[in-house]
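Trainee: starting from these lines, generate the structure:
(one chain, ligands or ions: 1)
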Amino acid sequence: MKALGHIIAIVLWTLVSQVGGIVWLINYGYFRWPKRGVSRTRQFCVFLLLYFLVTFLVVPPLARLGGRVPLPITKSKNLRPHNYITPLLNRHYVRPQLRQQLIGIAQEINTHHPAHKVSYLDASFPFVDGFPLLPHLSHNDGRKVDLSFYYTKDKKKGNLKPARSGYGQFVEPKPTEFNQTADCLSRGYGPYAYTKYLTLGSRDDLEFDAASTKQLVNLIVQESLTQKLLIEPHLKHRLQLTHPKVRFQGCQAVRHDDHLHYQIVR
Ligand SMILES: [Zn+2]
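Mentor: Purely as a prediction, here's the structure:
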């Protein structure tokens, strides 16, 4: 039973952070023998300490050898994580050219609107092409990153977001707009809207900032390395996004009226 608990912990830590499972194995392998008698709380504290040391000191240089780099992790930068959980779980790794492109776009956004930064959500794990960053099956090679929309509060621009996780608080279609979610659900794609359960807490006092979100999309699609940008059809229509790189992701994915999915060619 004890071994089963360790196996479950290793699998879960691997699924959410990629390297956490290995750190768990090293930590609990070390404490198993000959250091019996160390309390569980102490073992877990050492695990956390080891995990953060590995995450911030060991993983970045190793990932660089394999062609992936971390996105900036402080919220004071023009390109910043929406939630610190993303870098803490090693979910902010991309190819160097994508980071460079994102930093350039964020700089330009900030020049136009000093109150605005670019907030990223899930990108990829640091290692191994094909290793998916769940629940995103396609985020497996450092070429993809999810970005937040812009919102206003009392007409004021800023970086506030309606969902703590960055996912699941949707910009719903208006009655006159095509409802892609209803269409996908009616055709049996049940998981299409399941991100509504992943908000980690949400708020209703923000207004979708269509003009600023459109500006971000247009800066992205102008870049030659951009392969595609995914957004829900009613927002593509509402924002009048006509560039061929702006696309619908299909019903087999999840709805994209809470974030943008940005992906580069190589
Ligand atoms: Zn995505």
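
Trainee: contacts and neighbour counts: CA atoms only from here.
Mentor: Fine.

Trainee: list the contacts of stretch 207-215.
Mentor: Stretch 207-215 is contacted from outside by 149, 150, 151, 152, 153, 155, 171, 239, 241, using CA atoms under 8 Å, 6 or more residues apart in numbering.

Trainee: give me that answer again for 7 Å
Mentor: 149, 150, 151, 152, 153, 171, 239 (CA atoms under 7 Å, 6 or more residues apart in numbering).

Trainee: my read: the fifth one touches residue 203, true?
Mentor: Right, the one you point to is residue 153. No: taking contacts as CA atoms under 7 Å, residue 153 lies outside contact range of residue 203: 11.2 Å.

Trainee: more neighbours: which of those two?
Mentor: In this view residue 153 and residue 203 are compared by other CA atoms under 10 Å, and residue 153 has more residues nearby, 15 against 11.

Trainee: the contacts of stretch 207-215 into a markdown table, with extra columns for secondary structure and pLDDT?
Mentor: Output for the contacts of stretch 207-215, formatted as a markdown table (DSSP: H, G, I helix; E, B strand; the rest coil; pLDDT from 0 to 100):
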| residue | secondary structure | pLDDT |
| --- | --- | --- |
| 149 | coil | 97 |
| 150 | coil | 97 |
| 151 | strand | 97 |
| 152 | strand | 96 |
| 153 | strand | 95 |
| 171 | coil | 96 |
| 239 | coil | 96 |
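
Trainee: contacts with the ion among these, please.
Mentor: Near the ion, judged by CA under 5 Å from the ion, there are no entries from those.

Trainee: now for the residues you listed, which pair is the farthest apart?
Mentor: 153 and 239 (19.5 Å; CA to CA).

Trainee: how about the stretch 101-250 of the chain: which residue is closest to the ion?
Mentor: Proximity to the ion, evaluated over the stretch 101-250 of the chain using CA to the ion, is greatest for residue 146 at 4.7 Å.

Trainee: contact partners of the helix or strand where that residue lies?
Mentor: Counting by DSSP states H and E, the element that carries residue 146 is strand 144-148. Applying CA under 7 Å, 6+ apart, the contact partners of strand 144-148 are 119, 120, 121, 122, 123, 166, 259, 260, 261, 262, 263, 264.

Trainee: let's see it as CSV, backbone CA atoms only.
Mentor: Output of strand 144-148 as CSV, limited to C-alpha atoms (Å, rounded to 0.1, in the frame of the first residue of the first chain):
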residue,chain,number,x,y,z
LYS,A,144,2.9,26.3,-28.5
VAL,A,145,1.8,28.7,-25.9
ASP,A,146,-1.6,29.9,-24.6
LEU,A,147,-2.1,33.6,-24.0
SER,A,148,-4.7,35.6,-22.0
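
Trainee: what about residue 260, which SS state?
Mentor: strand (DSSP: H, G, I helix; E, B strand; the rest coil).

Trainee: relative to residue 89, how far out is the closest residue to it other than its chain neighbours?
Mentor: Once flanking residues are discounted, residue 260 sits nearest to residue 147: 5.1 Å by CA to CA, 6 or more residues apart in numbering. According to CA to CA, to the nearest Å, residue 147 and residue 89 sit 17 Å apart.

Trainee: again with residue 5
Mentor: Distance check for residue 5 against residue 89: by CA to CA, it reads 21 Å.

Trainee: higher neighbour count, these two?
Mentor: residue 89 (21 against 9).

Trainee: residue ranges for the helices of the stretch 101-250 of the chain, please.
Mentor: For the stretch 101-250 of the chain, the helices defined by DSSP state H, counting those that start in this stretch cover 180-186, 210-222, 233-238.

Trainee: need those in a markdown table (columns: mean neighbour count, distance to the ion and mean pLDDT).
Mentor: A markdown table is the format used below for the helices of the stretch 101-250 of the chain (neighbours: other CA atoms under 10 Å; distance: least, CA to the ion, whole Å; pLDDT from 0 to 100):
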| stretch | mean neighbour count | distance to the ion | mean pLDDT |
| --- | --- | --- | --- |
| helix 180-186 | 16 | 17 | 94 |
| helix 210-222 | 17 | 14 | 96 |
| helix 233-238 | 18 | 16 | 97 |
